[in-house]
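J.: Here is a sequence with its predicted model. Questions after.
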2 protein chains.
Amino acid sequence: MVARVEKDVEPDGQTDEAQQAAKRRVALTRESILEAALRLCSPEGGGQLTFSRLGKELGADPTAVYRHFRDKDELVLALTDLTIQEGIDLARAALPDGPSDDWRAWLTVTSESVRASYLARPALAVLAAARTTASPAETHSVELLISVLHRAGLGVVEAAECYRSLLDLTLAMTQYTAAFSSLDPATQAKDEAAWAVKYATLPEEEFPLLHRSAPRLTELFRDDAEVFRMTLATFLDGVAARIERARQQRGASA
Amino acid sequence: MVARVEKDVEPDGQTDEAQQAAKRRVALTRESILEAALRLCSPEGGGQLTFSRLGKELGADPTAVYRHFRDKDELVLALTDLTIQEGIDLARAALPDGPSDDWRAWLTVTSESVRASYLARPALAVLAAARTTASPAETHSVELLISVLHRAGLGVVEAAECYRSLLDLTLAMTQYTAAFSSLDPATQAKDEAAWAVKYATLPEEEFPLLHRSAPRLTELFRDDAEVFRMTLATFLDGVAARIERARQQRGASA
DNA sequence: ACCTGAACACCGTTCAAGT
DNA sequence: ACCTGAACACCGTTCAAGT
């Protein structure tokens, strides 16, 4: 009976939200806000970052966040820093210390790690992939990537250009995938149905090649990860060709 | 004095909006709506597609559009069809009739044309690049692209995979650029400043390669078109390597 | 048959008022 | 010093009312 009056310890789950609010009301800090915001950006957290949801998650008035971040953009930038950092840590864990000579593995792991880190929070990927924060951790990572490409045989400037291409390719395709997966399910289904119907009803005489590759294309529609892997692999084949060309040029001039 | 009462013919520009409204009130059709919407999506038209702006542009109540399109998504999809169509027409004008043997020119022109067509309406690119409409014109274009790659030496399925990679690469990087250019100028400037400061103050001992390539990287920050060209070129180098490999395999098995 | 205008549930953001 | 809550200018969308 007493418990029923003291809502804070009410055990029956009826006032879940209020309980959470009470629990968290003490801890409205920059860190707790960022943590809650990251949760909201994930598919499990709803996949939408808004002030009202953030307020509810924190058990505070939505506008309380403005005491810690000047506006939504500043919040998004801070979240971007954390996500990039996580991607770099992920890559570092999968790679040997210091630069190795396997430039291809290095670039693949880095790219896939950044992608994975963003895709764990599609809502953030949509908002932030095109932004740059130039954080310290990122800078070290860039120097390392360029050094890997330089040691593989590319000139410094060409290595930097390659890094830039790879970064944009990765972030762009990640944002692209995140944007589609952030659409409401009905809209996604509409697009998918359009493709399926289309490919199923192609007259073979008019579209012989499309008809033969339709099963594979339909398969790829659902599998953004596979398309990304293919695209990245082809891009890196191109980088390999450039490295080969650079070596030959150096050989000719020597 | 009389003119002052009859607002419709007032010549002094004070009731510009009302005049436009009167002029266009007759022509609220699917076509006129699409035309106005495309105008709004362009940078000159404000670069934002909303019902209220659309209503103002048409001289009608914002909700009048709902008589011609079920919701915003249906409007966006119709605009996408027009934009893709324009991109294909653009490519066709720059390419010879029927498939040629210069697969590289074919792929480059097609990709750049679709990109240009979308970037003329960044607001649409942001909303629609990840969507698919599977329009008839698009289907023909896809069959042609696959045939170009197949004639170059790739197997049918591998050609289809290459087409898919190229399409995603193009649309993703286009959306990425459009997203950044759709940010308000102050935010864009913030990002740019972050980079510039960063690169200008890199200690040479700690970041020797980054220090040497900083001028080029700074240059590329402003020039999305150049980054796209570079990335596409490297990707196509990779496609060339795959074509070569496919030819060798056919030679070995023959 | 088509358009208008009030209404609703959301956005981000500001600001005076509370503690 | 930090939080609340009303308010504002926007979104997309619905629906009863007009013509």
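T.: Ah, there it is. Numbers count the residues shown, from 1 in each chain, chains lettered A, B, ... in the order given.
J.: And A:Ile33, how far from A:Glu138?
T.: 22 Å (C-beta to C-beta, to the nearest Å). In this view, the C-beta of every residue, glycine as well, is placed from N, C-alpha and C.
J.: More neighbours: which of these two?
T.: Between A:Ile33 and A:Glu138, counting by other C-beta atoms under 10 Å in any protein chain shown, A:Ile33 is the more crowded of the two (23 against 20).
J.: next helix or strand past the helix or strand where the more buried one lies?
T.: For A:Ile33, the element it lies in under DSSP states H and E is helix A:30-41. Note on helix A:30-41: by DSSP H and E, the next helix or strand toward the C-terminus is helix A:51-58.
J.: outside of that next one, which residues touch it?
T.: Contacts to helix A:51-58, defined as C-beta atoms under 8 Å, 6 or more residues apart in numbering or on different chains, come from residues A:17, A:24, A:28, A:32-33, A:36-37, A:39-40, A:45-46, A:61-65, A:72.
J.: Determine whether any part of the helix ranked longest in chain A lies close to chain B.
T.: If you go by DSSP state H, chain A has its longest helix at helix A:224-253. Yes. Using C-beta under 8 Å from any C-beta of the partner chain, helix A:224-253 reaches chain B at A:227-228, A:230-231, A:233-242.
J.: Let's see if you can find the most crowded of these.
T.: A:Phe235 leads the residues of helix A:224-253 next to chain B on contacts (other C-beta under 10 Å) with 27 neighbours.
J.: Give me the pLDDT for that one.
T.: Looking at A:Phe235, its pLDDT stands at 99.
J.: correct me, but it touches B:Thr234?
T.: Yes. Counting by C-beta atoms under 8 Å, A:Phe235 touches B:Thr234, with 5.8 Å between them.
J.: coming back round to it: list the buried ones in the helix holding A:Ile33?
T.: Along helix A:30-41, these residues count as buried under the neighbour rule (16 or more other C-beta atoms under 10 Å in any protein chain shown): A:Ser32, A:Ile33, A:Leu34, A:Ala36, A:Ala37, A:Leu38, A:Arg39, A:Leu40, A:Cys41.
J.: Now flag whichever of those residues is closest to chain B.
T.: Closest approach to chain B among the buried residues of helix A:30-41 (C-beta to the nearest C-beta): A:Cys41, at 16.6 Å.
J.: shouldn't that closest one be in contact with A:Tyr118?
T.: No. Applying C-beta under 8 Å, one finds A:Cys41 not in contact with A:Tyr118, separated by 9.7 Å.
J.: residues in chain A within reach of DNA strand D, list them.
T.: Within reach of DNA strand D by C-beta under 7 Å from any atom of the strand, chain A has these residues: A:Arg25, A:Leu28, A:Ala60, A:Asp61, A:Thr63, A:Ala64, A:Arg67, A:His68.
J.: Quick check: closest non-adjacent residue to A:Ala194.
T.: In this structure, A:Ala194 finds its nearest non-sequential neighbour in B:Ala134, 4.6 Å apart by C-beta to C-beta, 6 or more residues apart in numbering or on different chains.
J.: Which strands or helices does the longest helix of chain A pack on?
T.: Helices and strands touching helix A:224-253, by 3 or more C-beta pairs under 8 Å, 6 or more residues apart in numbering or on different chains; DSSP states H and E, are helix A:103-119, helix A:136-152, helix A:156-181, helix B:156-181, helix B:224-253.
J.: got the angle between it and helix A:136-152?
T.: 50 degrees (axes from the mean of the first three to the mean of the last three C-alpha atoms, to 10 degrees).
J.: and helix A:224-253 with helix B:156-181, angle?
T.: Using the same axes, to 10 degrees: helix A:224-253 against helix B:156-181 is 90 degrees.
J.: Quick check: neighbours shared by A:Phe235 and B:Thr234?
T.: With C-beta under 8 Å, 6+ apart as the test, A:Phe235 and B:Thr234 both reach A:Ser165.
J.: now, which of the residues of helix A:224-253 next to chain B sits nearest DNA strand C?
T.: Comparing these against DNA strand C with C-beta to the nearest atom of the strand places A:Phe228 closest, at 28.3 Å.
J.: Show the low-confidence segments of the stretch 1-150 of chain A, by residue range.
T.: Residue ranges of the stretch 1-150 of chain A with pLDDT under 70: A:1-27, A:98-99.
J.: Enumerate the residues of it near chain B.
T.: Counting by C-beta under 8 Å from any C-beta, the stretch 1-150 of chain A sits next to chain B at A:73, A:129-134, A:139, A:142-143, A:146-147, A:150.
J.: These: which two are farthest apart?
T.: Farthest pair in these (C-beta to C-beta) is A:Asp73 and A:His150. Separation: 35.0 Å.
J.: ok and the residue in the stretch 51-200 of chain A nearest DNA strand D?
T.: A:Asp61 (3.0 Å).
J.: so, in contact with DNA strand C or not, stretch A:72-92?
T.: Yes. For stretch A:72-92 and DNA strand C, the contact criterion (C-beta under 7 Å from any atom of the strand) is met by A:Lys72, A:Asp73.
J.: how many neighbours does A:Thr29 have?
T.: A:Thr29 has 10 nearby residues by other C-beta under 10 Å.
J.: Spit out the contact partners of the nearest residue to it once chain neighbours are set aside.
T.: In space, A:Thr29 comes closest to A:His68 once its chain neighbours are excluded; the distance is 7.4 Å by C-beta to C-beta, 6+ apart. Counting by C-beta under 8 Å, 6+ apart, A:His68 touches A:Leu28, A:Thr29, A:Arg30, A:Ile33.
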